[in-house]
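Chemist: return a 3D structure for these sequence lines:
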Amino acid sequence: MFLQSAVRAIYPLQCTACDEPSEGLHGLCSACWQETEFIIGTVCDTCGAPLPGDNASELAHCDECLTTARPWSRGRSVFVYKGTGRSLVLRLKHGDRSDLIPTLAQWVARSVQPILPKDPLFVPVPLHWTRLLRRRYNQAALISQAVARLVEGDSAPEALMRQKRTKSLDGHLKSERFAALDGAIFANPRQKEAIAGRSVVLVDDVMTSGATLAACCDALFIAGAQDVCVVTLARVVKDA
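Modeler: Residues are numbered from 1 along each chain as shown. This is a model prediction of the structure:
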């Protein structure tokens, strides 16, 4: 405890998002807090998108999930992909900021708690090996492993593999996203026994159309998963 106090005296606490001085450990400064749209209250039970209302226990679904079949059962997300939330994702994804993982994992753990299955197996959305080589780490895997430790769940960071490198899908139509991911993801043959019969929590950084999550779910069910729910750090929403 003394050592922690001494370190804080020498190195003041910083905001997770902007690195400015902050009052709370692993927290946000007041400006970044105001620009972060945490998803609370009434949410879509399938994808975690925010909905009108403040009843967190209400079972509701967004228009997108009512019209698009989702292979997973339930889903949650920490914040809307805009403002500070978007900045945090980009820092983690492209800014080599794996030091953000402890903070982000705590937020993800709280977000997924209402839908957390018994004896969960945490599985991240995989990266193609060429992208992993360039980035040096899979941000979804780091989050997944950290959350698994926090909730005392099992972790299988290599349960899924991406055999086809897909180009960036930013700005593409939903149909194009689903088509691009057709056959791109499969279960690691060496991990099928670990997946079979398990309730899986699939983890990713951002959900846009849900195409990547759907491809992963299909692969998990083929490998024998009993159930799959999803949790993402951020959710892209219309008019956000």
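
Chemist: hey, let's count contacts and neighbours off CA atoms from now on
Modeler: OK.

Chemist: show me where this structure dips below the pLDDT cut-off.
Modeler: 1-12, 23-26, 165-180, 240 (pLDDT under 70).

Chemist: change it to 90
Modeler: For the chain, the stretches with pLDDT under 90 are 1-34, 56-57, 93-99, 128-136, 163-184, 238-240.

Chemist: tell me where it has strands.
Modeler: Counting by DSSP state E, the chain has strands at residues 75-80, 120-124, 154-155, 160-162, 185-187, 199-207, 227-235.

Chemist: so in that sheet, which strands flank the third one, and in what orientation?
Modeler: Same thing as strand 154-155. Under the criterion DSSP bridges, strand 154-155 sits next to strand 120-124 (parallel) in its sheet.

Chemist: hang on, the earlier thing: columns distance to Cys15 and mean neighbour count on top of the strands of the chain, output as JSON lines?
Modeler: Below are the strands of the chain laid out as JSON lines (distance: least, Cα to Cα, whole Å; neighbours: other Cα atoms under 10 Å):
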{"stretch": "strand 75-80", "distance to Cys15": "17", "mean neighbour count": "27"}
{"stretch": "strand 120-124", "distance to Cys15": "27", "mean neighbour count": "27"}
{"stretch": "strand 154-155", "distance to Cys15": "29", "mean neighbour count": "20"}
{"stretch": "strand 160-162", "distance to Cys15": "34", "mean neighbour count": "22"}
{"stretch": "strand 185-187", "distance to Cys15": "36", "mean neighbour count": "22"}
{"stretch": "strand 199-207", "distance to Cys15": "20", "mean neighbour count": "25"}
{"stretch": "strand 227-235", "distance to Cys15": "18", "mean neighbour count": "26"}
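
Chemist: dump the ones you listed to CSV, plus distance to Leu100.
Modeler: Putting those into CSV (distance: least, Cα to Cα, whole Å) gives the following:
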stretch, distance to Leu100
strand 75-80, 14
strand 120-124, 17
strand 154-155, 19
strand 160-162, 24
strand 185-187, 27
strand 199-207, 13
strand 227-235, 12
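
Chemist: out of these, which is closest to Gly53?
Modeler: Closest approach to Gly53 among these is made by strand 75-80 (15.9 Å; Cα to Cα).

Chemist: so what secondary structure elements neighbour that closest one?
Modeler: The contact analysis (3 or more Cα pairs under 8 Å, 6 or more residues apart in numbering; DSSP states H and E) places strand 75-80 against helix 101-112, strand 227-235.
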